[in-house]
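Asks: Structure of the sequence below:
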Amino acid sequence: MRRVVYNDINDSTYYLDVGKARLYFSSEFNKTRFLKNYSLYAQEECKKIENKYHVKINANYYLLFAFYKKIEKRGFRIENNITGKRINENLTFIVEL
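Replies: The predicted model follows:
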């Protein structure tokens, strides 16, 4: 099987649906790496937040986007998989108590 790497993330056919988010990857390798490591990354980061601030918080989408940016270096392309609307890389997360 031939390995395909997209230099332009906008041309990529590799994607993963997670909840309402569709994440695009430049290669099957990056997609697989994300799948294998995201769960552990999210658990560790949530534990850090809990230990530091003594609160339980659901930061799933924030951690999803943060880990995606760590893995995917050839661009940022996340869409709402229901509406097809593209999510801006400079998205701001607001936490309300």
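
Asks: Would you map the helices across this protein?
Replies: For the chain, applying DSSP state H gives helices covering 28-53, 60-71.

Asks: So residue 25 sits against residue 13, correct?
Replies: No - counting by C-beta atoms under 8 Å, residue 25 does not reach residue 13; the two are 9.6 Å apart. (Glycine included, C-beta is placed from N, CA and C.)

Asks: and those two? which has more neighbours close in?
Replies: It is residue 25, of residue 25 and residue 13, that has more neighbours when counted by other C-beta atoms under 10 Å, with 26 against 9.

Asks: what sits against that one?
Replies: 9, 12, 14-16, 31, 34, 71-72 (C-beta atoms under 8 Å, 6 or more residues apart in numbering).

Asks: Could you rerun that using 7 Å?
Replies: Contacts for residue 25 (C-beta atoms under 7 Å, 6 or more residues apart in numbering) come out as 12, 14-15, 31, 34, 72.

Asks: Could you do residue 30 as well?
Replies: The contact partners of residue 30, by C-beta under 7 Å, 6+ apart, come to 71-72.

Asks: Tell me the pLDDT of it.
Replies: In this model, residue 30 is scored at 97, pLDDT.

Asks: Could I get the pLDDT score of the closest residue to residue 93 other than its chain neighbours?
Replies: Nearest residue to residue 93, sequence neighbours excluded (C-beta to C-beta, 6 or more residues apart in numbering): residue 62, at 4.9 Å. Confidence at residue 62, expressed as pLDDT, is 91.

Asks: Give me the neighbour count for residue 62.
Replies: Neighbour count of residue 62, defined by other C-beta under 10 Å: 16.

Asks: wait, doesn't it sit right on residue 92?
Replies: No - Residue 62 lies out of contact with residue 92 (C-beta atoms under 7 Å); the separation is 10.2 Å.

Asks: Return, as residue ranges, the portions of this structure with sub-threshold pLDDT.
Replies: Within the chain, the stretches with pLDDT under 70 are 1-2, 96-97.

Asks: Wait, residue 42 touches residue 63, no?
Replies: Yes - under the criterion of C-beta under 7 Å, residue 42 makes contact with residue 63 at 4.7 Å.

Asks: Next, residue 73: phi, psi?
Replies: phi -100, psi 0 (degrees, to the nearest 10).
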